[in-house]
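Visitor: Based on what follows, work out the 3D shape:
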Amino acid sequence: MGATATSGELAPKVQRGVYALSAVLCLVVAGLVLGPVPPGMKGAVDVSMLPFVNASLNLLTATLLVAGFVAVKTGRIEGHRRLMTSAFGTSTLFLLSYVTYHWFSEGPAVYEGGFRGLYLFILFTHIVLAALILPLALTAGLRGWFGAIDAHRRIAPATLAVWLYVSVTGVLIVWMAHT
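Guide: Here you go, the predicted structure:
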């Protein structure tokens, strides 16, 4: 398991695993959020604060991503690795909190402001790019972890841009829908 010696890419088996894991997680999250919930679950737990926890986790993720970018640009590779691993951790905590919120909440928040078109655009692009960030982040992270640095550098800028967009728009969505 690791990078191949000739291409600097992840071994094909590892890359297929990344794609399979990403697809399964997206389907599971979609099923948990959009699918039927067993009777008695909705409202069984007070999750009213979780959107604000989620926004905080997204903001922390964005901060870690920027700090990780600065670290690598200033040659602090080990700091970069720790910061990006932490960003992956906060994104994972977000996902768990997000699923918990949608599992127990009475329903999705309804945006009632005067910028519905903008809200829906942000929400749609956020959802689409959130589904894409998992395989991008896993691929970039594993390439860096296993020393496929050239391959990591090829995907890292796009991964950073998408991940930052998803993190920042996650904060905006909560702000628009819950305040």
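Visitor: Please enumerate the helices of the protein.
Guide: Remark: helices assigned in the chain by DSSP state H are 12-34, 50-73, 77-104, 116-145, 149-178.
Visitor: Please identify the buried residues of the first one?
Guide: Looking back up the chat, that one is helix 12-34. Going by neighbour count (16 or more other Cβ atoms under 10 Å), the buried part of helix 12-34 is Val14, Gln15, Val18, Ser22, Val29. C-beta coordinates here come from the backbone N, C-alpha and C atoms, glycine included.
Visitor: who's in contact with that helix?
Guide: 1-2, 9-10, 95, 98-99, 102-103, 131, 134-135, 138-139, 142 (Cβ atoms under 8 Å, 6 or more residues apart in numbering).
Visitor: The helix or strand of the chain with the lowest mean pLDDT: how far from the chain's middle?
Guide: None of the helices or strands of the chain scores lower by mean pLDDT, DSSP states H and E than helix 12-34, at a mean of 90. Here helix 12-34 shows a centroid-to-chain-centroid distance of 13 Å under the convention Cα atoms, centre = their mean, to the nearest Å.
Visitor: Next, find the distance separating Arg154 from Gly141.
Guide: The spacing between Arg154 and Gly141, counted by Cβ to Cβ, to the nearest Å, is 14 Å.
Visitor: The two: who's more crowded?
Guide: Using other Cβ atoms under 10 Å, the more surrounded residue of Arg154 and Gly141 is Gly141, with 20 against 15.
Visitor: follow-up on the earlier one: out of the contacts of helix 12-34, the closest to Glu112 would be?
Guide: Distances from Glu112 to the contacts of helix 12-34, taken as Cβ to Cβ, are shortest for His102 (19.3 Å).
Visitor: show me the contacts for that closest one.
Guide: Contact analysis of His102 by Cβ under 8 Å, 6+ apart lists Leu32, Val33, Pro108.
Visitor: ok, it to Pro51 distance?
Guide: In terms of Cβ to Cβ, His102 sits 10 Å off from Pro51.
Visitor: And Leu65, by the same measure?
Guide: From Leu65 to Pro51 the distance is 21 Å (Cβ to Cβ).
Visitor: higher neighbour count, those two?
Guide: Neighbour comparison, Leu65 and Pro51: the larger count goes to Leu65, with 25 against 21 (by other Cβ under 10 Å).
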